[in-house]
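**Q** Need the 3D shape of this:
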Amino acid sequence: MDLEVKGVAASPRRQAELASRGKKLSQGWRPKTTHGVRPAEVPCLDLGKLGSSDEEDGNSYIPFSKRYPRIGPPDSSSTVSWGTPLQTPYAQHYQTQQMTRKSCQKKMELSLLEQKTIPENLPPPTDKYKLKYQQYEAEMKEGYKQYSQRTVENKINSAQFQESSRKTAEKEDPQPEDRSDHDLSALDEKALLQQCYTNNPYTIQHSIRKLEAEEVAAERRKQAVVEQVMVDQLSRAVISDPEQSTNTGTYQRDHTSAGLGTAPLRFRKRTLHETKIRTRSSLTENMLSNKLRFDGRILSRNGRDACRELIGFFFMYDRSLTVYEYRQFGKNRTNALPFIQKGVYSHQRGQRKGQQYDLNDLHVGANLTFLSCNLSLPESIKQNAIFTLRVTNIDEAAMDILKTTSVGIKQDITQQEIDESRVFRIVQGILKEKLSKRGVRVVTRLGKYFRELDHKGDGAFSKAVFKQALTLFHLEVPEKDFESLWLILDDNGNDKVDYGEFTRAFIGEMNEYRKTFVRKAYMKLDFNKTGRVPMVDIRKCYCAKKHSQVLSGDATEEEIKSSFLETLEHVCSNPSEVSYCEFEDYYEGLSIEIMDDEDFVNILKNAWGI
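**A** Predicted coordinates for the structure are as follows:
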């Protein structure tokens, strides 16, 4: 039989293929275009034998037919994708089965509901069941009664716990006038736990490696600042020479602009490398190299200003000084910008007021005072008329060379300065005994007390306010010593002294070696340079793993961390964040009882990983 499609006669080979395909379809196989050849070990699947049994419903299964397209995945050769509603006989049969099952489930539910219904002619219960019901009812009432009692007890216990917590807080946070000199509160005991970090957290080899890495980083930072200073000063010496602007006869005229001989300088061709003017300035690199480098920090309660990295230079050839700020952006980008322009400056406070700064004025712990109105400074620093720069480190080798080579440098410490230093030591010695084992609580509370009184924001108070504060915190000193110290602090005679300066003079402060690590710990926490650290970040960064009680098993890491956080929260004006001055006051009070510098540094290293 010849098969003809669209007028084209089928070849014998084509007829054989069609015949074999029809045979396979009759046996239940799909076309060859979708699946591969059936393996020999796989038996034939005859879908025609699949039919409904007598136990099933009357709907019979309709075998596969070529009249209905097959449902396949989207990437198959089927013309119908997944999820396409297609009314095939199989789909109709499946829907019918689902409807039948739902109807059967409804009938079963109705029958169960009818069984639960109590009929009207049910006989009354016997005495046995009545007794069981009464027992069950009594048990339910007793259980509900006990539940109500437990609820009331829980409420009472919760109220008592809140009351006890409030009393404990009041006990830990008494009014300053209610605390005697030698009583230790729970706050003091928690603060004393921080003194257990006295072991070095690193091995000797690890400490040497860290020290070497820090020295290399510090040397690179200082070298970058030195290079920037040399470039700035040498370039400025040539460009700012007056002869560059006054001598107009030697400038080359721009040939493209004829007739501009009398025109302003901005219209002339004035290139530094092409000028023939010989500057009169004798400033050279050798002269600038004759300098003393020192590190400094600003005495400020503003955390952003207090954590600025400042590097200063004192030039011997003209007794001038300049201060640069080192800034780091990310890991690799750094910059050094002038903070105090190069110039000749003089003392603005103290007995040497008006005298020019000299080499003897530069030593670790020295205070350099400047008028903020005459300098280009941030607005936060300009709020005070005078700001103080504390020298934290100097180049000892350069200092020795300058003292040896320079002529006329003498150590001229006056008798008045010696007397002032003696007054400071006497007063601080008296208060040190009173601050024994309660330095953290007193120093932090005293700072918080002054900050709450500082409504103007200038931090200046009168003598009466300071006397009242010393009385409230049981820090009385003899009247003679107080008056002597007040005369030293009130050098202007206006009966106003900054409370930060007052606290440093009366109680004292930690040395610059300890202060360097305190600033380093805070700068690690305040990576955004905002001056305030959220308490959440404090909790995350604080580490108590190497605390002695944790290592011995007497306390858990969470207990030590909680004791530190509770102590710190009591001194903060806002319990959710810590400012720099609050963080500094905490460790200022902790430093009073620790005599060895390395023990204090190990506390910071263990707790903050610096």
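**Q** now the helices: where do they sit in the stretch 201-350 of the chain?
**A** Per DSSP state H, counting those that start in this stretch, the stretch 201-350 of the chain carries helices over the ranges 204-239, 243-246, 285-289, 303-306.
**Q** Tell me which of those helices sits most buried.
**A** Per residue and on average, the most neighbours among the helices of the stretch 201-350 of the chain fall to helix 303-306, with a mean of 20 (mean count of other Cβ atoms under 10 Å). The C-beta positions use only the backbone N, C-alpha and C, and glycine is treated the same way.
**Q** Contacts for that one next, please.
**A** The set of residues that contact helix 303-306 without belonging to it, under Cβ atoms under 8 Å, 6 or more residues apart in numbering, is 297-300, 378, 380-381, 519, 522, 526, 529-532, 579-581, 584.
**Q** now, which of the residues you listed lie within strands?
**A** With DSSP state E as the criterion, strands contain 297, 298, 532, 579 from among the contacts of helix 303-306.
**Q** Compile the helices of the stretch 201-350 of the chain into JSON lines and extend it with columns for distance to residue 130 and mean pLDDT.
**A** Shown next, in JSON lines, are these (distance: least, Cβ to Cβ, whole Å; pLDDT from 0 to 100):
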{"stretch": "helix 204-239", "distance to residue 130": "83", "mean pLDDT": "78"}
{"stretch": "helix 243-246", "distance to residue 130": "120", "mean pLDDT": "51"}
{"stretch": "helix 285-289", "distance to residue 130": "112", "mean pLDDT": "78"}
{"stretch": "helix 303-306", "distance to residue 130": "80", "mean pLDDT": "89"}
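**Q** could those be laid out in TSV, adding distance to residue 333?
**A** Compiled in TSV, the helices of the stretch 201-350 of the chain are given as follows (distance: least, Cβ to Cβ, whole Å):
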stretch	distance to residue 333
helix 204-239	12
helix 243-246	34
helix 285-289	26
helix 303-306	19
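**Q** Figure out which of those is closest to residue 415.
**A** Nearest to residue 415 among those is helix 303-306; the distance by Cβ to Cβ comes to 33.7 Å.
**Q** Render the CA-only coordinates of the closest one in PDB, please.
**A** Below are the C-alpha coordinates for helix 303-306, written out as PDB (Å, rounded to 0.1, in the frame of the first residue of the first chain):
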ATOM      1  CA  GLY A 303      36.200  61.900  72.100                       C
ATOM      2  CA  ARG A 304      36.800  62.900  68.500                       C
ATOM      3  CA  ASP A 305      39.300  65.600  69.400                       C
ATOM      4  CA  ALA A 306      40.900  63.600  72.200                       C
END
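**Q** lowest confidence element among the helices and strands of the protein?
**A** When the helices and strands of the chain are compared on mean pLDDT, DSSP states H and E, strand 4-5 comes out lowest with a mean of 46.
**Q** before we move on, the earlier item: buried ones only from the contacts of helix 303-306, please, as a PyMOL command.
**A** When burial is assessed using 16 or more other Cβ atoms under 10 Å, the buried subset of those is captured in PyMOL by this command:
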select buried, resi 297+298+299+300+381+519+522+526+531+532+579+580+581+584
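**Q** sorry, back to before: so which of the ones in strands among the contacts of helix 303-306 is the closest to residue 400?
**A** Minimum distance to residue 400 across the ones in strands among the contacts of helix 303-306 is 23.9 Å, recorded for residue 297 (Cβ to Cβ).
**Q** Who are the contact partners of the closest one?
**A** Shown in contact with residue 297 (Cβ under 8 Å, 6+ apart): 306, 307, 308, 310, 389, 390, 392, 515, 519.
**Q** any idea how far the nearest residue to the third one once chain neighbours are set aside is from residue 512?
**A** Just to be clear, that refers to residue 308. Counting by Cβ to Cβ, 6 or more residues apart in numbering, residue 308 lies nearest to residue 325, which is 5.7 Å off, once chain neighbours are set aside. Computed with Cβ to Cβ, to the nearest Å, the distance linking residue 325 and residue 512 is 18 Å.
**Q** what ranges of the stretch 51-200 of the chain fall below the confidence cut-off?
**A** For the stretch 51-200 of the chain, residues meeting the criterion pLDDT under 70 lie at 51-98, 102, 104, 106-107, 109-120, 122, 157-188, 195-200.
**Q** can you do 80?
**A** Across the stretch 51-200 of the chain, the ranges flagged by pLDDT under 80 are 51-125, 150-151, 153-200.
**Q** what about residue 103, neighbour count?
**A** A count of nearby residues for residue 103, using other Cβ atoms under 10 Å, gives 10.
**Q** and what of the one 5 residues further on?
**A** Look at residue 108: counted by other Cβ under 10 Å, it has 10 neighbours.
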